[in-house]
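Engineer: After the sequence you'll find the predicted model.
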Amino acid sequence: MSNGAKNPQPTDPIPAAPVDVMSGTVVREWIDYNGHLNAGYYLVAFDDAIAPWMDFIGLGTAHRAVRDITTFSAQNHIAYVREIGLDEPYVISVQLLGFDRKRVHAFQVMTQTRDDYVAAICEVMSLNIDGPTRRVAPMADEPFERLSEIWSVHQELPVPPQVGRSIAIPPSAEGFRHPDLV
């Protein structure tokens, strides 16, 4: 995928919608034997989109250099909604779902922009990490305050229906699942 960060900054106004953080075009190397984007490259694209999101919320490159912190992804839940293929353009947007001093919960959407449809979504939990100890640690006041500003807008957005979903096969007369799965 070729991609381009939209370069959002912590001084940018907060839109009353998810924040567009990255755009790109699907490249040949990421197409699988089914003729569409390989499942693993969705995660690569969503992960690439985290860097400009972190810049926007104040936990980006400049903050990391001054504070000696970083962020780690603790969980990513991806759902593939509709195929996206070779040379198709996309944008990734991010909505803040929640945060505390140590975690940021966000929802990413990959939209194919030529025909304007959702190709995939990714729910992600990011952790604030102290650089020297490599342990979860409280974030500084500046990004926490920026997240509070974003939250004042994003808390009014509807929660996407895919948030918090688990993966399972529902019980049925013709289906089988482990008895410990409730």
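Structural biologist: Right, received. Where do you want to start?
Engineer: Now do the SS call for the residue nearest the centre of the chain.
Structural biologist: The residue lying closest to the centre of the chain (CA atoms, centre = their mean) is residue 108, at 3.8 Å. Secondary structure, DSSP: H, G, I helix; E, B strand; the rest coil: residue 108 is strand.
Engineer: mind starting the numbering at 18 from now?
Structural biologist: With the count now opening at 18, the last piece we talked about shows up as residue 125.
Engineer: partners of it in the sheet?
Structural biologist: Each beta-bridge partner of residue 125 is listed here, defined by DSSP bridges: residue 111, residue 139.
Engineer: Ramachandran angles for the nearest residue to residue 45 once chain neighbours are set aside?
Structural biologist: Counting by CB to CB, 6 or more residues apart in numbering, residue 45 lies nearest to residue 103, which is 6.0 Å off, once chain neighbours are set aside. (Each C-beta comes from the backbone N, C-alpha and C, glycine too.) Main-chain dihedrals, residue 103, degrees, to the nearest 10: phi -50, psi 140.
Engineer: contacting residues around residue 103?
Structural biologist: 43, 44, 45, 48, 52 (CB atoms under 8 Å, 6 or more residues apart in numbering).
Engineer: again with residue 76
Structural biologist: By CB under 8 Å, 6+ apart, the neighbours of residue 76 are 86, 88, 121, 145, 156, 160.
Engineer: Look at residue 146 and report its pLDDT.
Structural biologist: On pLDDT, residue 146 comes in at 96.
Engineer: what about residue 72, which SS state?
Structural biologist: helix.
Engineer: distance of it from residue 36?
Structural biologist: Relative to residue 36, residue 72 is positioned 11 Å away (CB to CB, to the nearest Å).
Engineer: what do those two both touch?
Structural biologist: What both residue 72 and residue 36 touch, as defined by CB under 8 Å, 6+ apart, is the set residue 25.
Engineer: follow-up on the earlier one: spatially, which pair of the contacts of residue 76 is furthest apart? Let me know, please.
Structural biologist: 86 and 121 (12.5 Å; CB to CB).
Engineer: What's the local residue count around the closest residue to residue 36 other than its chain neighbours?
Structural biologist: The shortest distance from residue 36 to any non-neighbouring residue, by CB to CB, 6+ apart, is to residue 111 (5.3 Å). The number of residues packed near residue 111 is 28, by other CB atoms under 10 Å.
Engineer: before we move on, what about residue 126?
Structural biologist: Residue 126 is flanked by 22 other residues according to other CB under 10 Å.
Engineer: same deal with the one 5 residues further on?
Structural biologist: Residues near residue 131, counting by other CB under 10 Å, number 11.
Engineer: Outside of stretch 158-167 itself, which residues are in contact with it?
Structural biologist: So stretch 158-167 is in contact with 27, 31, 73, 74, 75, 76, 80, 113, 116, 118, 121, going by CB under 8 Å, 6+ apart.
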